[in-house]
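> From the sequence below, what's the structure:
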Amino acid sequence: MFRVCRCFSLFALLWLLIGCTPAPEDRVTVLQGAAMGTSYSIQAVDPPSAIAPAALRDRIETELERIEDRMSTYRDDSELSGFNRSRTTDWFPVSPELAGLVREAIRISEMSDGAFDPTVGPLVNLWGFGPGDDGTHAPPTDAEITQAKARVGYRKLSVRLDPPALRKSEPALYLDLSAIAKGYGVDRLADLCDAMGIADYLIEIGGELRGRGHNGQGLPWRIAVERPDPGRRAVHRILALDNGALATSGDYRNFFEHENTRYSHAIDPVTGRPVTHGLASVTVLAPRAAQADALATAFLVLGPRAGFTLAESLDTPALFIVRTPEGYSERQTSALADHLHSNPNADRNARG
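Next up, the predicted model:
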C-alpha cells in the first residue's frame, strides 16, 4: 500500500460525479475496490459485449496487485523495499517497469530542481506521514532533521534501463514513489482498457484520474475540483477532461497540529520541513497521470509563485488555489483555458 494524500481518498467518487446527469444504467459499467492503500474506481461507457464485468475486475485487480509488489514501501517483500534495505552502492538489478518509473521520477526532480524528490521518504517518515505512523505527532528536533536530510537527494540515485538497475551513492538512501505511483497505476489501467477495446472511460485511484472519450451523455468527463477547506467539502471549480489525466495535491487534509501550529504532509526536501506558504492545492492536467501526480507535488512544494512560474514555463494546464486572509484566490496557467467547463451554471456552482 502507499501513503495516501487524503484530499480525495474517501470522497473522490462523490466529487467526480457532482453535477453529472446519470447515464442510462446499461451504458456504463462501474467498478470500485480497494488498492494501493486507497480506493479505485473505473467507469467504462459501452464496453465491448465480450468483456464481462467480473473478468474486467479481475484484470484490474491483478494489475494493481502486481504494481504494489513492485513499488510499495508498505510491503517488506516488494521490489522497492528490497532496494531500500540494500546497503550496496553497486548497481541493484530491478524490473524494467521499476527502472522506467524511477527514470521518470528523476526527470521531474531535475525539472523542478528537487522540489519533487523520490528520496524524500526519510523526512516524510520522520514527520510522521509514512509507514509506521502511530498517530502521535510532534515536530522532530533540528538534529533529527539534519540527520534525515543526509539520506535525501535525488542526485544520489542513478538508474539505467539496459540492463535495468538502480544505484545509490548513499548506502542509506530510501526511495519512496508514493507521489508518482498512484498516477502510474492509473496509467497502467488506462493502457489495459485501451488494449481491451474500451473507448470511453474514467479511471481514478486515490484522487488521481485519467479519462478518455466521453461520459454516458456523450460529453467530456467533468471533474470537480474540491475547495481546499479542511472544515467542509464543497466544489471550487469544474474542469473538463478528455483524453488526458488530472491530479491534485493539497495541504488541507493530511496534516497534524502541535501547540497551535499546523504541519502539512507536504515536505520541502531542501529545508526538511513542511511547507509554510499559502498554496492550499494545485490541480494539474497532463497526458499521463504519473506526470500529473509528480508535477502537482512539485508545484505544491514550490509554492504559489515559484510553482506557478514553473508551470507556465512548462506550458502545463494547472489551477492554483491560494489561502489568503480574505479567503481563497485562484490562479490559472495560460494552458488551462481549454479545460475549463463552459457551462456557466456549473462554474457558478463550482465557485460557490
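
> pretty sure residue 31 contacts residue 60?
Yes - counting by C-beta atoms under 8 Å, residue 31 does reach residue 60; the two are 6.6 Å apart. All C-beta atoms are positioned from the backbone trio N, CA, C, and that covers glycine.

> Mutual contacts of these two, please.
Residues touching both residue 31 and residue 60 (C-beta atoms under 8 Å, 6 or more residues apart in numbering) are 40, 42.

> Out of these two, name the residue with the larger neighbour count.
Neighbours were counted for residue 31 and for residue 60 using other C-beta atoms under 10 Å; residue 60 has more, 21 against 16.

> in the stretch 201-350 of the chain, which spans are helices?
Assigned by DSSP state H, counting those that start in this stretch, the helices in the stretch 201-350 of the chain fall at 289-302, 306-313, 344-351.

> which one of these is the most hemmed in?
Mean neighbour count (mean count of other C-beta atoms under 10 Å) peaks for helix 289-302 among those, with a mean of 29.

> what inclination does that one have with respect to helix 306-313?
140 degrees (axes from the mean of the first three to the mean of the last three C-alpha atoms, to 10 degrees).

> Now do the same for helix 289-302: mean pLDDT, whole number.
Confidence over helix 289-302 (mean pLDDT, whole number) is 97.

> show me where the stretch 51-200 of the chain has strands.
92-93, 157-161, 164-168, 200-205 (DSSP state E, counting those that start in this stretch).

> what number of residues lie near residue 318?
Residue 318 - counted by other C-beta under 10 Å - has 26 other residues nearby.

> residues contacting it?
With C-beta under 8 Å, 6+ apart, residue 318 has these contacts: 282-285, 295-296, 299, 308, 311, 332-333, 335-336.

> Kindly provide the distance from the closest residue to residue 130 other than its chain neighbours to residue 171.
Nearest in space to residue 130, with sequence neighbours left out and distances taken as C-beta to C-beta, 6 or more residues apart in numbering, is residue 124 at 4.7 Å. Residue 124 is 19 Å from residue 171, where distance means C-beta to C-beta, to the nearest Å.

> need the strands of the stretch 51-200 of the chain in CSV with mean neighbour count, can you?
Compiled in CSV, those are given as follows (neighbours: other C-beta atoms under 10 Å):
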stretch, mean neighbour count
strand 92-93, 14
strand 157-161, 16
strand 164-168, 20
strand 200-205, 26
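
> For residue 82, find the nearest of those.
strand 92-93 (8.0 Å; C-beta to C-beta).
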